[in-house]
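**Student:** Dropping the sequence and predicted coords here.
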Amino acid sequence: MKALQLEKPQQFRFIETSEPPAPGPGEVLVRVQRVGICGTDYSGYLGKFPFFSYPRIPGHELGVTVLAVGPGVTKVKPGDRCAVEPYMNCGQCFPCRKGATNCCESMKVLGVMMDGGLTERMVLPAHKLYPANNLSAEQCALVETLAIGCHAVNRANPIAGEHVLVIGAGPIGLSVIEFAKLSGAKTIVMDLNEQRLDFVRTQMGVPDTICSKGDGAELEALKQMTQGSLAQVVVDATGSNKSMAHAMTYCSFTARLVYVGITQAEVTFPHAPVMHRRELTLLASRNALPPDFPRIIKLIEDGKIDTRPWITHRVPLGQIIERFPTFTKPDSGVIKAIVDMES
Ligand SMILES: NC(=O)c1ccc[n+]([C@@H]2O[C@H](COP(=O)([O-])OP(=O)(O)OC[C@H]3O[C@@H](n4cnc5c(N)ncnc54)[C@H](O)[C@@H]3O)[C@@H](O)[C@H]2O)c1
Ligand SMILES: [Zn+2]
Ligand SMILES: [Zn+2]
């Protein structure tokens, strides 16, 4: 079988791998049809992601078809098209036992800490597959990205009438926007990049955007849009520690602030007056939970999430080595690039 391996930072190569074994109890053999590429893969490629180890077959955003099922598997059957939850959790640790499988203490994410989906066929646990026969394979590959935004919004639980400010309109911010809109809250999006805000206005149906220039005008603009109260929910999806610290100033009194972007740098802010006086709640958000996957599949099926604007680039597997580096450039206009494993 052919697979694409990231041998070391900035060096992909095609390798020959052996066929996966027949699926054991609770396991499923799948054919990989589409693989989405995301920021984690770009960071792994550039050697900037601390949890990425080499050599590694990347790929955690997968659209697959079931080829064979092992003993005892009833959740899926051969021929089913599926989305995949790529978070391989242990099932034993404290967070797993309490149902927080998204933050397992010894989590292995497919394609990051273990070999992933840029391969022809693979064996996966049946309970990590979500049948989605009414979705295309590329829509299946998009489900995981959407799950990140779904979980981040669930952390804060916005309700109709509230204002949600999403800072950072990259793919993760866009996935947050989808679920902020579905909550019925009024969504406002902030970014430094006018091109990304233009995409939000024209493709995501969010008219209220703020271009952040760092001159204080953004706070005034937010006050205007929220009748002076500021945002009851702020979700920072930038991965910038400076933005994350500053995000508090956009919070209304009693607001919830969610950090879905990730930084290894220190996030420093004074406790008083802003956090204390406004009695803010600060929430982290990691990965997503199992029920998010069928929910997202249904939302796409019902047309409540339109996946068309999302997929900006489609690449046959054979061209990925030469095209991958261009996707890491901010001016490439990539929102989501999908690798076609079948052409
Ligand atoms: N929580 C999770 O489980 C999870 C999963 C995947 C990715 N992530 C993280 O989400 C973050 C975003 O990922 P992405 O792929 O969308 O990244 P991205 O780089 O494509 O998007 C980030 C956006 O933030 C904007 N931005 C940066 N600094 C800003 C500032 N000071 N003010 C306003 N906007 C600013 C950028 O212009 C860009 O549009 C990353 O940190 C990534 O690691 C988290
Ligand atoms: Zn991803
Ligand atoms: Zn665990």
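**Tutor:** Arrived safely. Ligands and ions are numbered 1, 2, ... in the order given.

**Student:** got the residues of the protein near ligand 3?
**Tutor:** 89-90, 93, 96, 104 (CB under 5 Å from the ion). For glycine as for every other residue, the C-beta is placed from the backbone atoms N, C-alpha and C.

**Student:** now those residues as CSV including secondary structure, neighbour count and pLDDT?
**Tutor:** CSV is the format used below for these (DSSP: H, G, I helix; E, B strand; the rest coil; neighbours: other CB atoms under 10 Å; pLDDT from 0 to 100):
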residue, secondary structure, neighbour count, pLDDT
Asn89, coil, 22, 98
Cys90, coil, 14, 98
Cys93, coil, 16, 98
Cys96, helix, 18, 98
Cys104, coil, 20, 98
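
**Student:** right, and out of these, which lies closest to ligand 1?
**Tutor:** Of all the residues of the chain next to ligand 3, Cys104 has the smallest distance to ligand 1: 12.8 Å, by CB to the nearest ligand atom.

**Student:** The closest residue to that closest one other than its chain neighbours: what's it in contact with?
**Tutor:** Distance criterion CB to CB, 6 or more residues apart in numbering; nearest residue to Cys104, sequence neighbours excluded, is Asn89 at 3.4 Å. Applying CB atoms under 8 Å, 6 or more residues apart in numbering to Asn89 gives the contacts 96, 101-102, 104, 106-107.

**Student:** Now do Lys298 against Ala247, distance only.
**Tutor:** 31 Å (CB to CB, to the nearest Å).

**Student:** between those two, who's got more neighbours?
**Tutor:** The residue with more neighbours, out of Lys298 and Ala247, is Ala247; 28 against 13, by other CB atoms under 10 Å.

**Student:** Now do the SS call for that one.
**Tutor:** helix (DSSP: H, G, I helix; E, B strand; the rest coil).

**Student:** circling back: show me the two of the contacts of Asn89 that sit farthest apart.
**Tutor:** Asn102 and Ser106 (13.2 Å; CB to CB).

**Student:** more neighbours, the two?
**Tutor:** Using other CB under 10 Å as the criterion, Asn102 and Ser106 rank with Asn102 on top: 21 against 11.

**Student:** count of neighbours near the residue nearest to that one when sequence neighbours are not counted?
**Tutor:** If the residues on either side of it in the chain are set aside, Asn102 comes closest to Asn287, at 4.0 Å by CB to CB, 6+ apart. Look at Asn287: counted by other CB under 10 Å, it has 20 neighbours.

**Student:** Let's verify Asn287: helix, strand, or coil?
**Tutor:** Classified using three-state DSSP, Asn287 is coil.

**Student:** same question, Gly24
**Tutor:** Assigned with three-state DSSP, Gly24 falls in the coil class.

**Student:** For it, grab the count of nearby residues.
**Tutor:** As a burial measure, Gly24 scores 13 neighbours (other CB under 10 Å).

**Student:** from what I can see it touches Ala68, true?
**Tutor:** No: look at Gly24 against Ala68 with CB atoms under 8 Å: they stay out of range, at 11.2 Å.

**Student:** Any residues of the stretch 51-200 of the chain in contact with ligand 1? List them.
**Tutor:** Neighbours of ligand 1 within the stretch 51-200 of the chain, by CB under 6 Å from any ligand atom: 148, 167-173, 190-193, 196.

**Student:** Please tell me how far the residue nearest to Cys104 sits from Met122.
**Tutor:** Counting by CB to CB, the gap from Asn89 to Met122 is 18 Å.

**Student:** Quick check: the residue of the stretch 101-250 of the chain found nearest ligand 3 vs Pro58, distance?
**Tutor:** Ligand 3 sits closest to Cys104 of the stretch 101-250 of the chain, with a gap of 3.1 Å, by CB to the ion. Relative to Pro58, Cys104 is positioned 20 Å away (CB to CB).

**Student:** which residues touch Gly79?
**Tutor:** Taking CB under 8 Å, 6+ apart, one finds 65-66 in contact with Gly79.

**Student:** mind listing the strands for the stretch 201-343 of the chain?
**Tutor:** Chain-ordered strands for the stretch 201-343 of the chain, with DSSP state E, counting those that start in this stretch as the definition, fall at 209-211, 231-236, 251-259, 281-284, 311-316, 336-340.

**Student:** Export the ones you listed to a markdown table and append columns for mean pLDDT.
**Tutor:** Shown next, in a markdown table, are the strands of the stretch 201-343 of the chain (pLDDT from 0 to 100):
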| stretch | mean pLDDT |
| --- | --- |
| strand 209-211 | 98 |
| strand 231-236 | 98 |
| strand 251-259 | 98 |
| strand 281-284 | 98 |
| strand 311-316 | 96 |
| strand 336-340 | 97 |
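
**Student:** among the ones you listed, which is the most enclosed?
**Tutor:** By mean neighbour count, with neighbours taken as mean count of other CB atoms under 10 Å, strand 231-236 ranks first of the strands of the stretch 201-343 of the chain at a mean of 28.

**Student:** Hmm, Asp302 and Asn134 touching each other?
**Tutor:** No: between Asn134 and Asp302 there is no contact under CB under 8 Å: 9.7 Å.

**Student:** So for the two, which sits in the more crowded spot?
**Tutor:** Asn134 (12 against 9).
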